[in-house]
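J.: Provided below are the primary sequence and the corresponding predicted coordinates.
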Amino acid sequence: MSTPARVRYAGLAGSLLLAVAAYRGGAHSPWSPTITPGTIITGQNGVVTPLAWLFGTALLIGAWWVGRRDLPSARWAYVTAALWMLPLLPFLPLGSYDAHSYACQGWQQAAGLDPYTGGVDLLGCPWADSVAPTWRSAPAPYGPVFLLLAAAAAKLGGSLGGTIAVLRGVAVLGVGLIAASLPALTRRTGVPLERAVWLALACPLVPIHLISGAHNDAVMLGFLLAGLALAAARRPLLAGALFGLAIGVKATAVVVVPFALLLVYRPAGAPAGPRLGLRKAAELIVGVVATIAAVSAVSGRGFGWIAGLTGSGISVQWTSPPTAVGMTIGLFGVNAVPVTRVLGIVLLVVVLVRLWWRALSGGDVWLSTGYAMAATVVLAPVFHPWYATWALALLAVTLRRESRWVLVPAAVVSALCLPDGYNLALALKTQGAVAMTVLLGYLGFVRFKIMKASYAAKSADPQPARPDHPGDRLSRRDP
């Protein structure tokens, strides 16, 4: 059997094992922390479920890692990624109870309630006992586009299981839109399509969290990549509409819009035309604003969803670098998490402005876009494993050479969540926070050394003085 065939079927075996774990121990109703490191050690979960999760995850990650070295074709990568997703479609969500929260928010919206004014403990929901306690008092942190989709799912599904099934179908459509956008994007960026497909679709985060977990990140990314493809084709109004839809799912998508403006203003290979470029940029902005205004009005909630964006900050985990630094400082008796989170946002703004300015000044717009989303993931106040797909999808089509700094984190976070949603990061809160802080300090020190060496190299290699150099004139006395 050839290496590609072994990779394909090893990953499929891993996906089948994860389907067993989802069937036996996925997110169920009512909510209860049934699988934790403690229950596994004491044998409360038996042998089958923990081993199915462990070996399934290991096989899927291993196959993805090995497979990147020998990709026969883009078609092969598409088919393999689809095969790895299929076994997880009929079973309970893996790695998170978020789909249950989506279902309740959809029910509230369909019932004429306002999910932005409170959680299930205030507004109610027939399936409230299936929502994780962390989110029962939190208002919906998503945009009106997703509320409308969730409401439609609740109406069509009827029951909790039916609603989650429809939400998973929506997630599959989102992943399908990602898949459909990759060829157009890679033609613009020069990245091999087969590698982009492998990174963006075959990564274990996609079958585990976007497909099985039915996370709405799939829909956001689908709209976002399709919008970038249209922006590159200089169809700004449609691109803006898609960006507006993406922001209407998760506001994070707004990070890409300033870079998309550069794509329509100054497309690669096109003659410079400031007046035409400005008109195209204006059309894109109109598309974004008009779409957001329209869906906000259709949802019946106006712009109240903007106030709900802070709801996700309830989660405090060291997997977010700014939060980890605050948690480490907190070991000395100071509650620094709010401060370090604000500092992280400030640093993110600085990084985004610098990346945008570099792209405006003639740099690679595509690469800057990918880096901007990566910075957003790293510096955000909260990080969940599926957030890594935001950066991975964009870097997959913008990085022209494979980079392990992208692959390793994606592989690691793919294994963080146990079948019914327990995040392994919770088991190592203090140790993880300290380790993350030390890692950040080390990376900062390495960066400082590189910058210092670069400065020293420039200083040690001065340009030779010309005959009329001012220094020569000053060194001579006038006769």
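T.: In hand now; what should we look at?

J.: C-alpha only now, for contacts and for neighbours.
T.: OK.

J.: pLDDT (mean, whole number) over whatever helix or strand residue 108 lives in?
T.: In the assignment (DSSP states H and E), residue 108 maps to helix 98-110. Model confidence over helix 98-110 averages 95 on the pLDDT scale.

J.: Residues contacting it, please?
T.: Here helix 98-110 makes contact (Cα atoms under 8 Å, 6 or more residues apart in numbering) with 93, 114-115, 120, 123-128, 130-132, 135, 140, 147-155, 160, 163-164, 167, 213-215.

J.: Now the buried members of the residues you listed.
T.: Among the contacts of helix 98-110, those buried by neighbour count (16 or more other Cα atoms under 10 Å) are 93, 114-115, 120, 123-125, 127-128, 130-132, 135, 140, 147-155, 160, 163-164, 167, 213-215.

J.: Next step: these restricted to strands.
T.: Among those, no member falls in strands (DSSP state E).

J.: Going by neighbour count, which residues in stretch 54-72 are buried?
T.: Here stretch 54-72 shows 54-65, 67-68, 71 as buried, counting by 16+ other Cα under 10 Å.

J.: can you check stretch 426-443 too?
T.: Quick answer for stretch 426-443 (16+ other Cα under 10 Å): 426, 429-430, 432-437, 440.

J.: chain center to it, what's the gap?
T.: Centre-to-centre, stretch 426-443 and its host chain are 21 Å apart (Cα atoms, centre = their mean, to the nearest Å).

J.: Return it as PDB; C-alpha atoms alone will do.
T.: Extracted as PDB, the C-alpha positions of stretch 426-443 are listed here (Å, rounded to 0.1, in the frame of the first residue of the first chain):
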ATOM      1  CA  LEU A 426      -8.400  23.100  33.000                       C
ATOM      2  CA  ALA A 427      -6.400  20.200  34.600                       C
ATOM      3  CA  LEU A 428      -3.200  22.300  34.500                       C
ATOM      4  CA  LYS A 429      -4.300  25.800  35.200                       C
ATOM      5  CA  THR A 430      -1.400  27.000  37.300                       C
ATOM      6  CA  GLN A 431       1.300  25.000  35.500                       C
ATOM      7  CA  GLY A 432      -0.100  26.000  32.100                       C
ATOM      8  CA  ALA A 433      -0.200  29.700  32.900                       C
ATOM      9  CA  VAL A 434       3.300  29.700  34.200                       C
ATOM     10  CA  ALA A 435       4.600  27.600  31.200                       C
ATOM     11  CA  MET A 436       2.800  30.000  28.700                       C
ATOM     12  CA  THR A 437       4.300  33.000  30.400                       C
ATOM     13  CA  VAL A 438       7.800  31.500  30.400                       C
ATOM     14  CA  LEU A 439       7.400  30.600  26.700                       C
ATOM     15  CA  LEU A 440       6.300  34.200  25.900                       C
ATOM     16  CA  GLY A 441       9.300  35.600  27.800                       C
ATOM     17  CA  TYR A 442      11.600  33.200  25.900                       C
ATOM     18  CA  LEU A 443      10.200  34.200  22.500                       C
END
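
J.: so what are the domain limits for the protein?
T.: 3-315+384-422, 316-383+423-459 (automatic domain parsing).

J.: In the stretch 51-200 of the chain, where is pLDDT below threshold?
T.: The stretch 51-200 of the chain contains no residues with pLDDT under 70.

J.: residues in contact with the helix or strand harbouring residue 18?
T.: Taking DSSP H and E as the definition, residue 18 sits inside helix 3-25. With Cα under 8 Å, 6+ apart as the test, helix 3-25 has contacts from 34-35, 48-50, 52-53, 55-64, 66-67, 70-72, 80, 83-85, 87-88, 91-94, 419-420.

J.: Mark which of those residues are part of helices, please.
T.: 48-50, 52-53, 55-64, 66-67, 80, 83-85 (DSSP state H).

J.: Point to the residue nearest the middle of the protein.
T.: residue 390 (2.4 Å; Cα atoms, centre = their mean).

J.: where does that one land in three-state SS?
T.: Following DSSP: H, G, I helix; E, B strand; the rest coil, residue 390 is assigned to helix.

J.: Now do the same contact list for the nearest residue to residue 236 once chain neighbours are set aside.
T.: Ranked by Cα to Cα, 6 or more residues apart in numbering and with sequence neighbours excluded, the top spatial neighbour of residue 236 is residue 284, at 4.5 Å. The contact partners of residue 284, taken as Cα under 8 Å, 6+ apart, are 236-241, 261.

J.: and if we set it to 6 Å?
T.: Going by Cα atoms under 6 Å, 6 or more residues apart in numbering, residue 284 touches 236-237, 240.

J.: Next, count neighbours for residue 337.
T.: 20 (other Cα atoms under 10 Å).

J.: Double-check it against residue 324; I have them as touching.
T.: No - in this structure residue 337 lies outside contact range of residue 324 using Cα atoms under 6 Å: 7.9 Å.

J.: hang on, the earlier thing: compute the distance between the residue nearest to the centre of the chain and residue 294, please.
T.: 25 Å (Cα to Cα, to the nearest Å).

J.: got it, and residue 153?
T.: From residue 153 to residue 294 the distance is 20 Å (Cα to Cα).

J.: likewise residue 16?
T.: From residue 16 across to residue 294, the span is 42 Å (Cα to Cα).

J.: Residue 24 now?
T.: 43 Å.

J.: So those two - more neighbours on which side?
T.: Ranked by neighbour count (other Cα under 10 Å), residue 24 and residue 294 place residue 24 first, with 19 against 14.

J.: Let me see the residues that make contact with the helix or strand where residue 262 lies.
T.: Using DSSP H and E, the element containing residue 262 is helix 257-265. The contact list for helix 257-265, computed with Cα under 6 Å, 6+ apart, reads 231-232, 234, 277, 280-281.

J.: who are the neighbours in contact with residue 151?
T.: 106-107, 109-110.

J.: Buried by neighbour count, from these: which ones?
T.: 106-107, 109-110.

J.: and those residues as CSV, adding distance to residue 451?
T.: Formatted as CSV, those follow (distance: Cα to Cα, whole Å):
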residue, distance to residue 451
106, 51
107, 54
109, 52
110, 55
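
J.: between these, which is closest to residue 186?
T.: Set against residue 186, the nearest of the buried ones among the contacts of residue 151 by Cα to Cα is residue 106 (35.5 Å).

J.: Distance check, the closest one against residue 32.
T.: 22 Å.

J.: Ok, residue 200 next?
T.: Residue 200 sits 32 Å away from residue 32, going by Cα to Cα.

J.: So between these two, which is more surrounded?
T.: Neighbour count, other Cα under 10 Å: between residue 200 and residue 32, residue 200 has more, with 25 against 15.

J.: Now do the same contact list for that one.
T.: 393, 396.

J.: quick thing: my sequence starts at 37, can you match it?
T.: Got it, the first residue is 37 from now on, which makes the last one we talked about residue 236.

J.: what's the distance between it and residue 427?
T.: Counting by Cα to Cα, the gap from residue 236 to residue 427 is 9 Å.

J.: Poorly predicted segments of the stretch 237-386 of the chain, please.
T.: Ranges of the stretch 237-386 of the chain meeting pLDDT under 70: 303-310, 344-349.

J.: quick one: the helices in it?
T.: 241, 253-268, 272-283, 293-301, 310-335, 357-366, 373-396 (DSSP state H, counting those that start in this stretch).

J.: what helices or strands is the next helix or strand after the last one leaning on?
T.: By that I understand helix 373-396. With elements assigned by DSSP H and E, the helix or strand that comes after helix 373-396 is helix 401-415. The contact analysis (3 or more Cα pairs under 6 Å, 6 or more residues apart in numbering; DSSP states H and E) places helix 401-415 against helix 373-396, helix 424-434.
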